[in-house]
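[1] When you get a sec, could you give me coordinates for this:
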Amino acid sequence: LAAGDLTAPRVVLVHGWPTNALLWRKIIPGLAGRFRVLAPDLPGHGLSAKPADAPYNLDFFHQFLREFFQAMGLDRAHLVAHDLGGIAGLGLAVRNPGLIKKFVVMNTGPYKELPPLVSFFLAALRQPFLTGFFLRPPIFRLLMKQGIHHRERVTASLASLYLRPFAKTPGGRKAFSNTIAIPPENMVESPEKLRQITMPTLILWGTKDGFFKFAVARRLHKDIRGSWLTAVPHAGHFLQEDQPEQVLAALNRFLRSRRE
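    The predicted structure is shown next:
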């Protein structure tokens, strides 16, 4: 997805699993007045390719982001990244810091020690023989509700935005489980490397996330020295769905500020 003047400062929005670029549909219009906004579908998600033999690990997603910046002619841009996109974004911030002007990371899992609830969900969701069950519309909608504080907002049409690209092809169904099948230690940078991140960084976190609690945000805030930590009340894991106005306001404040 793309919006905004071609000559405006660039901002890249990166979604996570199991969503796609449409996660940012309520955010993009509010940024496009001052920024050139680009929101790609990660490989394995949305309308992007879903290669069966892809490793779907940190190296793979970091490479995708780096090549996306190159393909779009982005010598330097703001990066806003959520969930799996946040993991990839942290990789880019560590390995290619010169590409990022300002960095926003949102409700992600930056450490190999996963919370018990996340481990339980991932263990079930990554089983190929259960993929068809989890991709049934009522079950997928129920899963989405676990990540949203205002659960009444998870309508059948909203769930379909994220379900359809996985469910309509065999490759999509396989990508649903393949993208979370990688061991946690192969998906994250070490805390020592996170402490090397120096660009202006905002950690923006929904306080009602039942998967990655606010304590994760506090730890990341401590590891990324000089970062700013902003809580989004009454928002779960998918804070863009729960509190889009608050998310947009926080992004505009940070990206338009003179923080260097």
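[2] Distance check, the spatially most central residue of the chain against residue 97.
    Nearest to the mean C-alpha position of the chain, counting by CA atoms, centre = their mean, stands residue 82 at 2.3 Å. Separation of residue 82 from residue 97 (CB to CB, to the nearest Å) stands at 20 Å. In this view, the C-beta of every residue, glycine as well, is placed from N, C-alpha and C.
[3] does residue 37 count as helix, strand or coil?
    Here residue 37 is recorded as strand under DSSP: H, G, I helix; E, B strand; the rest coil.
[4] residues touching it, list them.
    Contacts for residue 37 (CB atoms under 8 Å, 6 or more residues apart in numbering) come out as 1-4, 10-11, 13, 24, 28, 31.
[5] what number of residues lie near the residue nearest to residue 95 when sequence neighbours are not counted?
    Nearest non-adjacent residue to residue 95, counting by CB to CB, 6 or more residues apart in numbering: residue 62, 6.2 Å away. As a burial measure, residue 62 scores 21 neighbours (other CB atoms under 10 Å).
[6] what's the closest non-adjacent residue to residue 234?
    Here the residue nearest residue 234, using CB to CB, 6+ apart, is residue 149, at 5.7 Å.
[7] What of residue 44?
    That would be residue 175: by CB to CB, 6+ apart, it lies 3.9 Å from residue 44.
[8] Show me what the helix or strand encompassing that neighbour packs onto, helices and strands only.
    In this structure, residue 175 sits in helix 170-178 according to DSSP states H and E. Contacts defined by 3 or more CB pairs under 8 Å, 6 or more residues apart in numbering; DSSP states H and E place helix 170-178 against helix 131-134, helix 156-167.
[9] for it, the distance to its chain's centre please.
    Distance of helix 170-178 from the chain centroid (CA atoms, centre = their mean, to the nearest Å) equals 18 Å.
[10] Am I right that residue 148 falls within a helix?
    No. Applying three-state DSSP, one finds residue 148 to be coil, outside a helix.
[11] Do you know the pLDDT at the residue lying closest to residue 18 once chain neighbours are set aside?
    In space, and not counting its chain neighbours, residue 18 is closest to residue 162: 5.8 Å by CB to CB, 6+ apart. We have a pLDDT of 98 for residue 162.
[12] Contacts only, for residue 162.
    Contacts of residue 162 (CB under 8 Å, 6+ apart): 18-20, 22-23, 140, 144.
[13] if we can go back for a sec, can you pull the phi/psi pair for the nearest residue to the residue nearest to the centre of the chain once chain neighbours are set aside?
    Excluding its sequence neighbours, the residue lying closest to residue 82 (CB to CB, 6+ apart) is residue 106, at 4.3 Å. Backbone torsions for residue 106, taken as degrees, to the nearest 10, come to phi -130, psi 130.
[14] Wait, residue 106 touches residue 204, no?
    Yes. Under the criterion of CB atoms under 8 Å, residue 106 makes contact with residue 204 at 4.8 Å.
[15] quick one: whichever strand or helix holds residue 220 to chain centroid distance?
    Element membership for residue 220, per DSSP H and E: helix 214-223. On the basis of CA atoms, centre = their mean, helix 214-223 sits 17 Å off its chain's mean C-alpha point.
[16] Quick one: mean pLDDT over the very next helix or strand once past that helix.
    Sequence-wise, the next helix or strand downstream of helix 214-223 (DSSP H and E) is strand 228-232. The average pLDDT for strand 228-232 rounds to 98.
[17] again, but for stretch 139-158
    For stretch 139-158, mean pLDDT is 97.
[18] What residues sit buried inside that stretch?
    Going by neighbour count (16 or more other CB atoms under 10 Å), the buried part of stretch 139-158 is 140-141, 143-145, 147-149, 154, 158.
[19] and which of those is nearest residue 121?
    Among these, residue 143 lies closest to residue 121 (CB to CB), at 8.1 Å.
[20] For the chain, which element, helix or strand, carries the lowest mean pLDDT?
    helix 116-125 (a mean of 88; mean pLDDT, DSSP states H and E).
[21] Right, I'll leave it there.
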